[in-house]
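Visitor: sequence and computational prediction follow.
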Amino acid sequence: MSREALVNSAALLLLVAVPVWALWADEPFTITLATRAVIFALAAAGLNIALGWGGMVSLGHAVYFGLGGYAMGVLAFHAQNYTPLMDWPFTITGTKSMPVIWLVAMISSAVAALVIGLLALRTSGVYFIMITLAFGQMVFFFAISWPTYGGEDGLSIYVRNSFPGLNTLVPIEFYGLCLSVLCVILFLNARLIRSPFGLALNAARQVPHRVETVGMNPTRLKLSALVISGAVTGLAGALFADLNRFVSPTMLSWQMSGEIMVFVIIGGVGRLFGPVVGACLFVLLEHFLGGVSEYWQVFLGLVLLGIVLFGHGGVVGMIAGRGRTHD
Amino acid sequence: MTAILIAEQVLNGLQFGVMLFLMAAGLTLIFGVMGLINLAHGSLYMVGAFAAATIAGATGSFLLALAAALISAALAGALVELVVIRRLYDRDHLDQVLATFALILIFSEGTRWLFGSFPLYLDIPAWLSGPVMLPGGIQYPLYRLALIVLGLLIALGLWLLISHTRIGVQIRAGENDREMIGALGVNISRLYTLVFALGAGLAGLAGALVGAIQSVQVGMGEPVLILAFVVIVIGGIGSIKGALIGALLVGLADTLGGIFLPELLKLFTDPAKATATGSAFASMAIYILMAVVLVWRPTGLFGARV
Amino acid sequence: MSVKTLLAAAGLVALAAGAQAQVKVGMITTLSGGGASLGIDTRDGFMLAIGMAGRDDIDVIVEDDQQKPDIAVQISDKMIQSDKVDVLTGIVWSNLAMAVVPSATAQGLFYLSTNAAPAQLAGAGCNPNHFSVSYQNDNLHEAAGAYTKSAGYTKPFILAPNYPAGHDSLTGFKRFYDGELAGEIYTELGQTDYAAEIAQIRASGADSVFFFLPGGMGISFLKQYAESGVELPLVGPAFSFDQNILQAVGDAAVGVKNTSTWSKDLDNDANAAFVSAYEEKYGRLPSIYAAQGYDTANLLLSAMDKADISDPDAFRTALEDADFDSVRGDFTFASNHHPIQDIYVREVIKEGDIYTNKITDTAMEDRDNAYVGECSM
């Protein structure tokens, strides 16, 4: 077993063991924190597809995260109030069923990623960063001022949505659901990188002109990766909204984009478990530093700075060694 | 809507654009010369405003306050460059984004630590306050007029600096070929510190100038930063001329969009709904402008190189 | 084990411990970031009242929500699940309140609002366990409308940011001002430059201006308005004329009329004691947020004197009595658990080097709120 595989197994083991311990020790809040970490990990795993394997530094992933959240919010809001989503040309009603909500969340985020990608991929490098940031800001301002779904106040959903066979109101059951989703996505990610598409994408990031010479279109490859990436982050957004039973434009803010990116970078860019380790570390830092000082963000900033200046390859990289998984 | 009102709004758009230019010029220079994306540029804007408010409070002199803003932001910039940024030049943009994101956290909460959570007081001096009557019967605040003039003077100064001085030659050389200027015996690390400090100083000056008519508080820099990004995407990264044109376009689009869109919608729907919906779309105006420019010219109006 | 059974278990333990039950209060408020000054004042006012009462049967846990809804939800989960609090309080912002309050009250906790009181929680979404000790969000805007009308203005220009509280603000204003408007605009949330709006005001032929621009937005607007040469009288709700903000606005605010439920010169004993104790303890003048925090704590203490927290129905009745000396004078609850109180008109003045407010008039007497009828409980 390689060192990276060891790190991954250890991370997975902790994600199972800690909540089980919390259940035994009757510390339900620890389970809530772990759920938060797992959902952030999922959002970051989405970004990692674009960032790590596609080489697209998107500073606007909050758009997909927030759209996923709003897919949950809007559908559950209509179900909760027994009002139809639309009447014409045919009637669509709201729903409280998680699988349906997830599907809608992923499709709407994917469509947004397609539109933004079509424009942003006309450029590259630093232009791409700024454009994704700017489009994120555009969606954010629109959400704040559009009154139908609560504007800045957001939407509050009183009861968590349902999943067949589970009582999602019980923290450990909801946690188990989120962890399962994360594992499925990580498994699919691992398959994706080794697929012909993944290999071509990797090549498109590193040597785009060579990809072109063999008759593939690097922009189209990247666009596909961005769409998949957006869909996964959108799914995480739907879960996050369900964790909080609440969605608001904060999920669309540029700070959110920054945080999702932070998860990926401190964990390890382009590493399968980088986002998982990064998100867990961030939630831990946030929780413990927040207890230390009112000005804890100064220390968070210093820690981040330390990681980027002295820790190449993020935490997973530091433990597992430099070699990136290009295979 | 009268011609006077439209003329006044155009002036407002110009003034907004000129201030955006001060932010965008630094960003675009830093990117052009060092290839660095600096998210913490907004923090330097805030540093300038806080320094100005402190010095104005202590001495009562607005000019001293402006000088303090310029100097302290430039010093803060130089310090950050020496300690952190220097290590990021040969990293990819991703590391730069994370490191400068971390700097935002440190600057913002550090400032709150030092100055407390309450907004600070900074006002314009008596000799620049009040309105003046312009030809055509336009009543316009003198201070805003001064901002337009000062901003254009700084733009001129920057152009002279870059096109007519030794430093300017080095900056232009740096934009074209980074290895070349090292070979020519220019002290690159000194040049980089200088350019970064110059950009930071401009941001700090903008913070102080704008702070006098707005609120000096933590977090004031980030909204401006994102607008400055839009400006340089439109103008073309690395181009001072592009930054100026882009800033004026964004300033005008934002100001005029906010006025005319709701008015336009009022023709179709009731006023309360029109103002709410119109304002929602007006806040998107500059991003739509950016999208249009990108479709037309992916590297911005004046960004020739890819 | 569900949260409800956990809570019930906690209640049983408390009962077993004896009559002198310990009340656990969770305060979620904003202590970091740009909005921190409001949360700090809320906390300081609340803790001042607890300290002055010298009680040891109440524990208060304070946590910072960073003005982010998801953090507020996370803290409320922690306080409910781990700390097992009985009462939540302290949220400053309406969007955070909407994220926390409905689910907290649905789990049987009491929520006492020190500030935020959105329409949803006063009308159809009201809950027997939710009490707003501050006001209903529309109140100060309604009072501004009533004042504008009674002062004889016939063509006000009104503006607010384009977000829900902004819409409620202009609706509230128009509820009590039914005359002609010179103009009505929504600005961008967080906007810092108002040159374009001021130009519109100048061109509109208005005879007065009503604006609701909380926080830094108000500071920017007031400074730019003073420079513009437009000299129409301004009216606004108290938020932009708060003790902490006035010092940053300076002369530009002097003479502006604003509506408030509280002022430091309100003439009653409770207020005099509060203002002097606050100044002595913290070295600064209290703000309306501090006053509301102080009243909230005193309401809670008064209910604790009358009933045990382990008997929610009795405790609720004790809260409804509102048997405490409010710094705002007469104070009772309407049937939807929002205050019935007088709303005053204040004017910004300069006292020595300090900018502050003095009461000039009463805008509305015994005002409840527009949503009483929509609330069924």
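Guide: Now that the structure is in, tell me what you want to look at. On a predicted model such as this, the values are computed, not experimentally measured, just so you know.
Visitor: only C-alpha atoms for contact and neighbour calcs from this point on.
Guide: Noted.
Visitor: quick one: residues in contact with stretch A:188-198.
Guide: Residues external to stretch A:188-198 that are found in contact with it (CA atoms under 8 Å, 6 or more residues apart in numbering or on different chains): A:49, A:53, A:199, A:221, A:272, A:327.
Visitor: isn't the fifth one right up against A:L186?
Guide: Yes - the pair formed by A:L272 and A:L186 meets the contact definition of CA atoms under 8 Å, at 7.0 Å.
Visitor: shared neighbours of these two, which are they?
Guide: Common contacts of A:L272 and A:L186, defined by CA under 8 Å, 6+ apart, comprise A:A45.
Visitor: who has more neighbours, these two?
Guide: More neighbours surround A:L272 than the other of A:L272 and A:L186, with 24 against 19 (other CA atoms under 10 Å in any protein chain shown).
Visitor: so what does the more buried one look like in phi/psi?
Guide: With angles defined as degrees, to the nearest 10, A:L272 sits at phi -60, psi -40.
Visitor: what are the C-alpha coordinates of the helix or strand of chain B with the lowest mean pLDDT, in CSV please?
Guide: Every helix and strand in chain B was compared by mean pLDDT, DSSP states H and E; the lowest is helix B:178-183, with a mean of 71. Presented in CSV, the C-alpha positions along helix B:178-183 are these (Å, rounded to 0.1, in the frame of the first residue of the first chain):
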residue,chain,number,x,y,z
ARG,B,178,11.1,38.7,-17.4
GLU,B,179,14.3,36.8,-17.9
MET,B,180,15.7,39.5,-20.2
ILE,B,181,15.7,42.3,-17.7
GLY,B,182,17.7,40.1,-15.3
ALA,B,183,20.2,39.5,-18.0
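Visitor: quick check: residues of chain C near chain A?
Guide: Listed as neighbours of chain A in chain C under the rule CA under 8 Å from any CA of the partner chain: C:1-2, C:31-32, C:64, C:68-70, C:73-74, C:77-78, C:81-82, C:94-96, C:98-99, C:102-103, C:162-164, C:188-189.
Visitor: from these, which land in helices?
Guide: The helices, defined by DSSP state H, take in C:69-70, C:73-74, C:77-78, C:94-96, C:98-99, C:102-103, C:164 from the residues of chain C next to chain A.
Visitor: same list, those residues, but as JSON lines with pLDDT, distance to B:A212 and neighbour count please.
Guide: What follows is these, written out as JSON lines (pLDDT from 0 to 100; distance: CA to CA, whole Å; neighbours: other CA atoms under 10 Å in any protein chain shown):
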{"residue": "C:P69", "pLDDT": "86", "distance to B:A212": "32", "neighbour count": "27"}
{"residue": "C:D70", "pLDDT": "83", "distance to B:A212": "34", "neighbour count": "25"}
{"residue": "C:V73", "pLDDT": "89", "distance to B:A212": "37", "neighbour count": "25"}
{"residue": "C:Q74", "pLDDT": "86", "distance to B:A212": "38", "neighbour count": "19"}
{"residue": "C:D77", "pLDDT": "88", "distance to B:A212": "42", "neighbour count": "22"}
{"residue": "C:K78", "pLDDT": "88", "distance to B:A212": "42", "neighbour count": "20"}
{"residue": "C:S94", "pLDDT": "87", "distance to B:A212": "30", "neighbour count": "23"}
{"residue": "C:N95", "pLDDT": "85", "distance to B:A212": "30", "neighbour count": "28"}
{"residue": "C:L96", "pLDDT": "90", "distance to B:A212": "31", "neighbour count": "26"}
{"residue": "C:M98", "pLDDT": "88", "distance to B:A212": "35", "neighbour count": "26"}
{"residue": "C:A99", "pLDDT": "88", "distance to B:A212": "36", "neighbour count": "28"}
{"residue": "C:P102", "pLDDT": "89", "distance to B:A212": "42", "neighbour count": "23"}
{"residue": "C:S103", "pLDDT": "86", "distance to B:A212": "43", "neighbour count": "21"}
{"residue": "C:P164", "pLDDT": "80", "distance to B:A212": "29", "neighbour count": "23"}
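Visitor: chain A: which of the residues you listed is nearest?
Guide: Using CA to the nearest CA, C:N95 comes nearest to chain A of those, at 3.9 Å.
Visitor: that older thread, tell me the two of the ones in helices among the residues of chain C next to chain A that are most distant?
Guide: C:K78 and C:P164 (28.3 Å; CA to CA).
Visitor: buried stuff in stretch B:186-204?
Guide: By 16 or more other CA atoms under 10 Å in any protein chain shown, the buried positions in stretch B:186-204 come out as B:188, B:191-204.
Visitor: strands along the chain, start to end?
Guide: In the absence of a named chain, chain A is used. Under the criterion DSSP state E, strands of chain A are mapped to A:84-86, A:92-93, A:155-156, A:246-247.
Visitor: try again with chain C
Guide: Remark: strands assigned in chain C by DSSP E are C:23-29, C:58-64, C:87-89, C:110-113, C:130-132, C:156-161, C:183-187, C:208-211, C:234-237, C:257-260, C:332-333, C:339-351, C:354-367.
Visitor: direction included, what does the first one pair against?
Guide: In this case it means strand C:23-29. strand C:58-64 (parallel), strand C:87-89 (parallel) (DSSP bridges).
Visitor: now the longest one: how far from the chain's centre is it?
Guide: Computed by CA atoms, centre = their mean, to the nearest Å, the chain-centroid distance of strand C:58-64 equals 19 Å.
Visitor: which residues sit against it?
Guide: Here strand C:58-64 makes contact (CA under 8 Å, 6+ apart) with A:294, C:22-32, C:43, C:75.
Visitor: just the angle between it and helix C:69-78, please?
Guide: 150 degrees (axes from the mean of the first three to the mean of the last three CA atoms, to 10 degrees).
Visitor: and the stretch 201-327 of chain A, which residues reach chain C?
Guide: The interface of the stretch 201-327 of chain A toward chain C, taken as CA under 8 Å from any CA, is made up of A:244-248, A:250, A:294-295.
Visitor: by neighbours, which of those wins?
Guide: A:V247 (35 neighbours).
Visitor: which bits of chain A sit near chain B?
Guide: For chain A, the residues in contact with chain B (CA under 8 Å from any CA) are A:57, A:119, A:122-123, A:125-127, A:130-131, A:133-135, A:138, A:141-142, A:145-146, A:258, A:261-262, A:265, A:295, A:297-302, A:304-305, A:308-309.
Visitor: among those residues, which ones are buried?
Guide: A:57, A:119, A:123, A:125-127, A:130-131, A:133-135, A:138, A:141-142, A:145-146, A:258, A:261-262, A:265, A:295, A:297-302, A:304-305, A:308-309.
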